[in-house]
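Asker: This is the structure alone, sequence omitted:
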């Protein structure tokens with residue numbers, strides 16, 4: 001029986017539209033162009049950084065991030081805040097906690113994202129990031145760390161994310177139950193793939209998780 005629900009961050013809890021829009025502005029291309037390039041990378045199973053290099057050949061992501069911080073030290077740049085939460089997040093997570101589930105956030109995010117998530121005062125038991133752990137999805141060690149932090153057997157954990165490659169498939173290999181969220185470009189694309197059948201549930205929003213958990217139990 002599932003006792004803990006663990007959430008990815010980007011395009012699961014956080015709407016990344018503003019982040020990608022600011023990146024388009026920074027790169028000097030239209031937002032439509034960058035969004036289209038990102039969709040193409042998602043469809044081709046290529047990293048999002050390849051979209052940057054598509055519109056600006058030879059682009060150095062790390063150098064640009066550093067330059068951006070120097071140029072706009074007080075702006076959000078490629079980060080997020082509470083205004084970027086999807087509308088269903090607080091209510092859905094609170095409902096899970098009221099139902100007795102342990103609720104945890106654990107995703108591939110930098111240290112600054114940890115601070116931003118904690119500042120949101122979400123109805124969760126704990127928040128964790130890959131940079132904080134020194135581990136990144138889809139490494140098996142990341143999911144072993146999730147289980148250790150939760151204090152649960154893997155089979156008692158439902159991992160929720162928008163991607164097959166980073167979320168559903170590696171969490172499933174770790175022995176966890178999984179939910180694929182049809183949200184963001186990866187979520188919609190991956191839900192159409194045959195491998196999506198590996199997910200225990202496929203949901204369109206976070207409100208659907210509680211009824212799905214009741215069926216799983």
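Answerer: Arrived safely. Owing to the predicted nature of the structure, the values given are computational and were not obtained by experimental measurement.
Asker: So which residues of the chain form strands?
Answerer: For the chain, the strands defined by DSSP state E occupy 4-7, 102-107, 126-129, 157-161, 177-181, 201-203.
Asker: Give me the contact list for the fifth one.
Answerer: Same thing as strand 177-181. With CB atoms under 8 Å, 6 or more residues apart in numbering as the contact definition, strand 177-181 has outside contacts at 2, 11-12, 155, 157-162, 164, 167-168, 171-172, 187, 190-191, 196, 198-206, 209, 212, 216. For glycine as for every other residue, the C-beta is placed from the backbone atoms N, C-alpha and C.
Asker: Just the buried subset of these, written out for ChimeraX, thanks.
Answerer: The ChimeraX selection below is limited to those of the contacts of strand 177-181 classed as buried (16 or more other CB atoms under 10 Å):
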select :2,11,12,157,158,159,160,161,162,164,167,168,171,172,187,190,191,196,199,200,201,202,203,206,209,212
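Asker: Among the contacts of strand 177-181, which ones are in helices?
Answerer: Under the assignment DSSP state H, the contacts of strand 177-181 contribute 171-172, 187, 190-191, 209, 212, 216 to helices.
Asker: what would these look like in a markdown table with pLDDT?
Answerer: Below are the ones in helices among the contacts of strand 177-181 laid out as a markdown table (pLDDT from 0 to 100):
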| residue | pLDDT |
| --- | --- |
| 171 | 98 |
| 172 | 98 |
| 187 | 96 |
| 190 | 97 |
| 191 | 97 |
| 209 | 97 |
| 212 | 95 |
| 216 | 87 |
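Asker: would CSV of the residues you listed with distance to residue 130 be doable?
Answerer: Formatted as CSV, those follow (distance: CB to CB, whole Å):
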residue, distance to residue 130
171, 14
172, 19
187, 19
190, 20
191, 24
209, 23
212, 26
216, 27
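Asker: Residue 19: which of those residues is nearest?
Answerer: residue 187 (16.1 Å; CB to CB).
Asker: ok, that closest one - contacts?
Answerer: By CB under 8 Å, 6+ apart, the contact list for residue 187 reads 11, 162-163, 180-181.
Asker: hmm, 7 Å instead?
Answerer: The neighbours of residue 187, taking CB atoms under 7 Å, 6 or more residues apart in numbering as the test, are 11, 162, 181.
Asker: Look up how far residue 16 lies from the second one.
Answerer: Right, residue 162. For residue 162, the distance to residue 16 (CB to CB, to the nearest Å) stands at 10 Å.
Asker: what about residue 181, neighbour count?
Answerer: 31 (other CB atoms under 10 Å).
Asker: same check, this time on the one 3 residues further on
Answerer: Residues near residue 184, counting by other CB under 10 Å, number 21.
Asker: about what we covered before: which residues are common contacts for residue 162 and residue 16?
Answerer: Counting by CB under 7 Å, 6+ apart, the residues touching both residue 162 and residue 16 are residue 184.
Asker: how's this protein carved up into domains?
Answerer: With domains defined by automatic domain parsing, the chain comprises 4-15+81-216, 17-71.
Asker: from the chain's centre, how far out does the longest one sit?
Answerer: Relative to the mean C-alpha coordinate of its chain, domain 4-15+81-216 is positioned 7 Å out (CA atoms, centre = their mean, to the nearest Å).
Asker: can you check stretch 76-94 too?
Answerer: With CA atoms, centre = their mean, you get 11 Å for stretch 76-94.
Asker: ok so, going back, most tightly packed of the domains of the chain?
Answerer: domain 4-15+81-216 (a mean of 19; mean count of other CB atoms under 10 Å).
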